[in-house]
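Undergrad: Can you look at this prediction? I've put the sequence above it.
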Amino acid sequence: MDDKRLDESIKQTKGIVYDKWITKRELLIRAKFEVANKRYTTYFTTDHIGILAVGDTVIIIYWTENPELSKIKELEN
């Protein structure tokens, strides 16, 4: 896929952190967001430094052809 098409296929929107799970080794975060009036959720993502809390607004990066493929921008390395 060329860079222009890739740029057109990836969009951003706002989401809300709605779930936080603490394991023995990791702090996991999950967010919800909407695209075209349909609700989606991210997969659990590790919050290595503990910067997010339930209720925080975050930026979601998603693939336009399948918004289920998404990630929380603030947790990108």
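TA: Here it is on my side, so go on. Numbers count the residues shown, from 1 in each chain.

Undergrad: I'd like the distance between R25 and T46.
TA: According to C-beta to C-beta, to the nearest Å, R25 and T46 sit 9 Å apart. (C-beta placed from N, C-alpha, C; glycine too.)

Undergrad: for I16, same thing?
TA: 19 Å.

Undergrad: picking that back up, have a look at R25 and T46 and say which one is more surrounded.
TA: T46 (12 against 6; other C-beta atoms under 10 Å).

Undergrad: Leaving out sequence neighbours, find the closest residue to the more buried one.
TA: In this structure, T46 finds its nearest non-sequential neighbour in E26, 5.0 Å apart by C-beta to C-beta, 6 or more residues apart in numbering.

Undergrad: Now for the one you found, how many residues are close by?
TA: 13.

Undergrad: Also I49?
TA: 8.

Undergrad: do the same with I61
TA: 16.

Undergrad: Run through the strands of this structure in chain order.
TA: 10-22, 27-35, 38-41, 45-46, 57-63, 66-72 (DSSP state E).

Undergrad: Give the other helices and strands that the shortest one contacts.
TA: Going back to what we said before, that points to strand 45-46. Where contact means 3 or more C-beta pairs under 8 Å, 6 or more residues apart in numbering; DSSP states H and E, strand 45-46 is packed against strand 27-35.
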